[in-house]
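> Structure, please.
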Amino acid sequence: MGDASYGPMELARDLARIRDGTASFEDRARLEHFLLRHLQEGGNDGVASLLTSLDEFGFSLTEASDSDDRLYSSSASGGAYLFVTTHLGANLASVNVAVQAESGPTPQPDPRHRAFYAIWESLLGASPSRLAGLDSTRRTVYLIALLEAEVMNGGFGQYLTNTDGEHVEETLACLARIGAERTHGLLIEAARLASTADSYAAAWDDEAEEFGRLDTAFLESGEDLAGMTADAILRKP
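Below is the predicted model of the structure:
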């Protein structure tokens, strides 16, 4: 999923495109994946160092929370601010880039994401028996967060290999439950790619190009799985 030719110059180019409203889905996906790798490899300090090195944007840390959320904001340029939100948990990292007009209020970290990731992180390292006994809400959060964490880290091939495909059918039902139609379709395609191979690891190796296509489509889908889950099930009594 990484692109060795993508560096700070390309990051600055794509940030400018997002700010100006001319970025494509591919531009945004490459940018967010580049920042995600820096977050995973260098932590919050790695992202902060990278963003603040882009002098033309004037990025600074706007807000930090105890749950490892960070909000970085740029200086206004062309009547708009850029905001980069990162989340770095024990087993999950995420990045989101947004743009806002100069007159608009500063966005705050999404409380829906905090609720979603708080449940996920409370279940990390849980025993199989505890996971099997979760209520439907927590089970849905766990399965969707597991899918997101694995795919963002190494793609659908990694997800299927690390889980041995055990949760595919249940996860598909969870994705349908929250209305994540694009991710639902991509997971179906990934499972189909692996269906004729001797193992998920073999399928990942044999169909590397196709898995790469699905991984890119996931990044470009625009589906906020954490927010969609919170909207669908966490706000209901």
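> Which elements pack onto the worst-scoring helix or strand of the chain on mean pLDDT?
Counting by mean pLDDT, DSSP states H and E, the weakest-scoring helix or strand in the chain turns out to be strand 93-101, with a mean of 79. Here strand 93-101 touches helix 8-20, helix 25-52, strand 80-88, helix 136-154, going by 3 or more C-beta pairs under 8 Å, 6 or more residues apart in numbering; DSSP states H and E. Glycine gets a C-beta too; all of them are placed from N, C-alpha and C.
> quick check: angle from that strand to helix 25-52?
Between the direction of strand 93-101 and that of helix 25-52, the angle (axes from the mean of the first three to the mean of the last three C-alpha atoms, to 10 degrees) works out to 90 degrees.
> partner strands of strand 93-101, parallel or antiparallel?
Each strand that pairs with strand 93-101, with its direction, by DSSP bridges: strand 80-88 (antiparallel).
> The strand it pairs with - what's its average pLDDT?
Strand 80-88 shows an average pLDDT of 85 in the prediction.
> ok, now which ones touch the spatially most central residue of the chain?
The residue at the geometric middle of the chain, judged as the C-alpha nearest the mean C-alpha position with C-alpha atoms, centre = their mean, is Ser94 (4.4 Å). For Ser94, the contacting residues are Leu36, Thr86, His87, His113, Glu148, Met152, Ala226, by C-beta atoms under 8 Å, 6 or more residues apart in numbering.
> before we move on, which element is the last one in?
Element membership for Ala226, per DSSP states H and E: helix 225-229.
> roughly how far is that helix from the heart of the chain?
11 Å (C-alpha atoms, centre = their mean, to the nearest Å).
> Tell me where the model's unsure across this structure.
Regions of the chain meeting the criterion pLDDT under 70 cover residues 1-4, 25, 66-67, 78-79, 90-91, 101-109, 236-237.
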